[in-house]
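K.L.:
Please find the sequence and the predicted model below.
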Amino acid sequence: MEHYILLAPVLLVLAIVVGAYLGHAKPKGGIWFGVSLPDGVLEDKRLLDLQREYRRGYALFALLAAIAALPILWFSDTFSLSFIYVFLWLAGIMYTSTVPFKRIHYKAAKLKRDNDWFAPGAKKKVRIDVDIALMKGKLPIAPYWFALPALMSVPLIVISLREGAGVLRYSGFASLFMTVVMFLLYLAFSRGALRAHSRNPVPNAAINMAANRLWSILWFSLALFEAANAFVAYQVLSTGNSGDPGLWFGGIFMVSLVPLIGIFVVHQHIKELEYRYGDTDGTSIPADGDAQWRHGLSYYNPKDKSVFVPKRIGIGKTVNMATRAGKMLYYGSLALVAAVIVPVAIMIVRADTSPPQLVIEGAETVVIEDSMYPLEFALDDVLELTLEDDMPSGFRQNGIATSEYARGNFKLTELGEAKMYIFKQNAPYIVIKLPDRYVVYNEKDPTATEALFAELKELTAG
């Protein structure tokens, strides 16, 4: 059920995002595709061709985004994977939704420069030689950095050889192998021949240097990621949490997704450098107020001390990224979202992979081991003990409730305050009455629940 609940906001977000960008397929207030244009050129055939390309781009984006949302249905048996995937999808949509817009924006900006579509007195020269010089000074990261992920693999190899069995023995070697693969990709991309990013040799050399730097950072980052992932995989395998096919499939899917996302992000960044500098002479470009709007979307004006300015695309206001306050607000909001989502994701993953366990210690104390809602009580405090076939009804106060399980603090209709540790579709349920609350517990295996109830009944019989 949860995957359908998660799918609804996903489709709503997609509809809102696509609708917002398609709303700018027509000029508004002299702004079209984030470029200011005079009224007399708005019927130019080349701009109308860009309009059709723009609409096709967002139609394709909507289709691909909808297809990318389908794995939410595949993760239906593992809520944590669905939850994490939804936020990965949302982050991906927020990033990729600008790609069709930026592509058309740069083409429209080039048309404007080539045809001198500037208002009288607004045209000026914007120097880009400093940007070009900075790009030409960029070098790939040093190859010795790859020693770090290689060294991270060594302790895992030692541990797996000493304690591992079967596939566990290969986790460290797999990590080392992936480091070698990433290093070879690093060599191929950083030491290969110059690629044709521009017809002008000056910006072409600069874009190539920047591209080599970006690719080298990507391959090193992926080597670190694969080394860290090997430790996670070893932990999952060695602790016996590997029996869930959904967990396996989801893990493989997401681990495969990270490199693809990284490659896409780097590729898009290089394409933006091509769009911005490829058709220039490497020294300056004609511009007007558009130069203060990066990609036609983000406002960047060091001479303007305003933190908030009206959006050029969309409604409301945006921040001036040239101000310290603007940067803090933008990056701080991203950090805040991450600070909320990451702990919640960790909590849900724990709930999916580490179910509660009821342990009887010394025939005197009951301990329910749970990562989030542990509980301990004396057997002498048990006032009543029953085995029920019907799940108690109520609502969650502080805990986790999915279609598969419920854990934490609940207010039950018939019983009142309760701690619940149950698999909803796996009756029966052990109901324990304590002086201050009820405890409802069961195992995933009904036979194990019945055996546990019999043991508790015997210990509390006196």
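P.N.:
That came through, no problem.
K.L.:
Quick check: phi and psi at the closest residue to residue 376 other than its chain neighbours.
P.N.:
Leaving aside its sequence neighbours, residue 376 sits nearest to residue 367 (CB to CB, 6 or more residues apart in numbering; 4.9 Å). For every residue, glycine as well, the C-beta is placed using N, CA and C. Phi and psi for residue 367, reported as degrees, to the nearest 10, are phi -120, psi 120.
K.L.:
Now do the same contact list for residue 367.
P.N.:
The neighbours of residue 367, taking CB atoms under 8 Å, 6 or more residues apart in numbering as the test, are 358-361, 374-376.
K.L.:
try it again with 10 Å
P.N.:
Going by CB atoms under 10 Å, 6 or more residues apart in numbering, residue 367 touches 357-361, 374-377.
K.L.:
Helices of the stretch 251-400 of the chain, start to end?
P.N.:
Ranges of helices in the stretch 251-400 of the chain, per DSSP state H, counting those that start in this stretch, are 324-353.
K.L.:
So residue 432 lies in a helix, does it not?
P.N.:
No - remark: residue 432 does not belong to a helix; assigned using DSSP: H, G, I helix; E, B strand; the rest coil, it is strand.
K.L.:
bridging residues for it?
P.N.:
On the basis of DSSP bridges, residue 432 is bridged to residue 385, residue 439.
K.L.:
ok, it to residue 60 distance?
P.N.:
Separation of residue 432 from residue 60 (CB to CB, to the nearest Å) stands at 57 Å.
K.L.:
correct me, but residue 330 touches residue 298?
P.N.:
Yes - between residue 330 and residue 298 there is a contact at 8.9 Å, judged by CB atoms under 10 Å.
K.L.:
These two: which has the busier surroundings?
P.N.:
Comparing residue 330 with residue 298 by other CB atoms under 10 Å, the one with more neighbours is residue 298, at 19 against 15.
K.L.:
so what's that one up against?
P.N.:
Contact analysis of residue 298 by CB under 10 Å, 6+ apart lists 34, 98, 292, 312-313, 318-322, 326, 330.
K.L.:
Which of these fall within strands?
P.N.:
318-319 (DSSP state E).
K.L.:
Tell me which two in the contacts of residue 298 are the farthest apart.
P.N.:
98 and 322 (19.4 Å; CB to CB).
K.L.:
just the contacts of residue 298 now: which is nearest residue 264?
P.N.:
For the contacts of residue 298, the nearest to residue 264 is residue 98 (12.8 Å; CB to CB).
K.L.:
Could you find the closest non-adjacent residue to that closest one?
P.N.:
residue 297 (6.4 Å).
K.L.:
mind listing what the one you found touches?
P.N.:
34, 98, 101-102, 105, 311-314, 318.
K.L.:
can you check residue 35 too?
P.N.:
27, 47, 104-113, 117, 288, 290, 293, 296, 312.
K.L.:
Please flag which of these sit within strands.
P.N.:
residue 293.
K.L.:
Please name the nearest non-neighbouring residue to residue 182.
P.N.:
Nearest to residue 182 is residue 223, by CB to CB, 6+ apart, at 4.0 Å.
K.L.:
how would you label the one you found: helix, strand or coil?
P.N.:
helix.
K.L.:
what's the neighbour count on it?
P.N.:
Residue 223, neighbours per other CB under 10 Å, totals 26.
K.L.:
what's the closest non-adjacent residue to residue 46?
P.N.:
Residue 46's closest residue in space is residue 111 (CB to CB, 6+ apart), at 5.8 Å.
K.L.:
gap between the one you found and residue 119?
P.N.:
Residue 111 sits 16 Å away from residue 119, taking CB to CB as the criterion.
K.L.:
same question, residue 53
P.N.:
Counting by CB to CB, the gap from residue 53 to residue 119 is 26 Å.
K.L.:
about what we covered before: please dump the contacts of residue 367 into a markdown table; it should also carry neighbour count and distance to residue 138 for every row.
P.N.:
Below are those laid out as a markdown table (neighbours: other CB atoms under 10 Å; distance: CB to CB, whole Å):
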| residue | neighbour count | distance to residue 138 |
| --- | --- | --- |
| 357 | 12 | 54 |
| 358 | 21 | 59 |
| 359 | 10 | 58 |
| 360 | 14 | 64 |
| 361 | 10 | 62 |
| 374 | 11 | 52 |
| 375 | 17 | 56 |
| 376 | 11 | 58 |
| 377 | 18 | 63 |
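K.L.:
Which of the residues you listed fall within strands?
P.N.:
Counting by DSSP E, these place 357-361, 375-377 in strands.
K.L.:
how about stretch 295-302: buried residues?
P.N.:
Within stretch 295-302, the residues scored as buried using 16 or more other CB atoms under 10 Å are 295-301.
K.L.:
Quick check: phi and psi at the closest residue in space to residue 273 that isn't next to it in sequence.
P.N.:
Using CB to CB, 6+ apart and skipping residues adjacent in sequence, the residue nearest residue 273 is residue 207, 5.0 Å away. The phi and psi values for residue 207, taken as degrees, to the nearest 10, are phi -70, psi -40.
K.L.:
Number the chain from 53, please
P.N.:
With 53 as the first residue, the last one maps to residue 259.
K.L.:
thinking residue 259 is in contact with residue 251, fair?
P.N.:
No - if you go by CB under 10 Å, residue 259 and residue 251 don't touch, sitting 11.7 Å apart.
K.L.:
Which one of the two is surrounded by more residues?
P.N.:
Taking other CB under 10 Å, residue 259 and residue 251 do not tie; residue 259 has more neighbours (24 against 9).
K.L.:
follow-up on the earlier one: what about residue 163 and residue 171, which has more around it?
P.N.:
Set residue 163 next to residue 171 and count neighbours by other CB under 10 Å: residue 163 wins out with 18 against 12.
K.L.:
what ranges of the chain fall below the confidence cut-off?
P.N.:
53-57, 127-130, 212, 215-221, 287-306, 514 (pLDDT under 70).
K.L.:
residue nearest the centroid of it?
P.N.:
Residue closest to the average C-alpha location in the chain (CA atoms, centre = their mean): residue 140, at 3.0 Å.
K.L.:
what helix or strand does that one sit in?
P.N.:
When elements are assigned from DSSP states H and E, residue 140 belongs to helix 131-148.
K.L.:
Pull out the buried residues from that helix.
P.N.:
For helix 131-148, by 16+ other CB under 10 Å, it's 131-142, 144-145, 148.
K.L.:
got the angle for that helix vs helix 376-405?
P.N.:
Relative orientation of helix 131-148 and helix 376-405, computed by axes from the mean of the first three to the mean of the last three CA atoms, to 10 degrees: 150 degrees.
K.L.:
how about helix 131-148 as PDB, C-alpha atoms only?
P.N.:
Provided in PDB are the C-alpha atoms of helix 131-148 (Å, rounded to 0.1, in the frame of the first residue of the first chain):
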ATOM      1  CA  PHE A 131       9.300   0.200   2.400                       C
ATOM      2  CA  SER A 132      12.800   1.600   3.200                       C
ATOM      3  CA  LEU A 133      13.900   1.100  -0.400                       C
ATOM      4  CA  SER A 134      10.800   2.700  -1.700                       C
ATOM      5  CA  PHE A 135      11.300   5.700   0.600                       C
ATOM      6  CA  ILE A 136      14.900   6.200  -0.300                       C
ATOM      7  CA  TYR A 137      14.200   5.800  -4.000                       C
ATOM      8  CA  VAL A 138      11.500   8.400  -3.900                       C
ATOM      9  CA  PHE A 139      13.900  11.000  -2.500                       C
ATOM     10  CA  LEU A 140      16.600  10.000  -5.000                       C
ATOM     11  CA  TRP A 141      13.900  10.400  -7.700                       C
ATOM     12  CA  LEU A 142      12.800  13.800  -6.400                       C
ATOM     13  CA  ALA A 143      16.400  15.000  -6.300                       C
ATOM     14  CA  GLY A 144      17.000  13.700  -9.800                       C
ATOM     15  CA  ILE A 145      13.900  15.400 -11.100                       C
ATOM     16  CA  MET A 146      14.800  18.700  -9.500                       C
ATOM     17  CA  TYR A 147      18.200  18.600 -11.200                       C
ATOM     18  CA  THR A 148      17.300  17.200 -14.600                       C
END
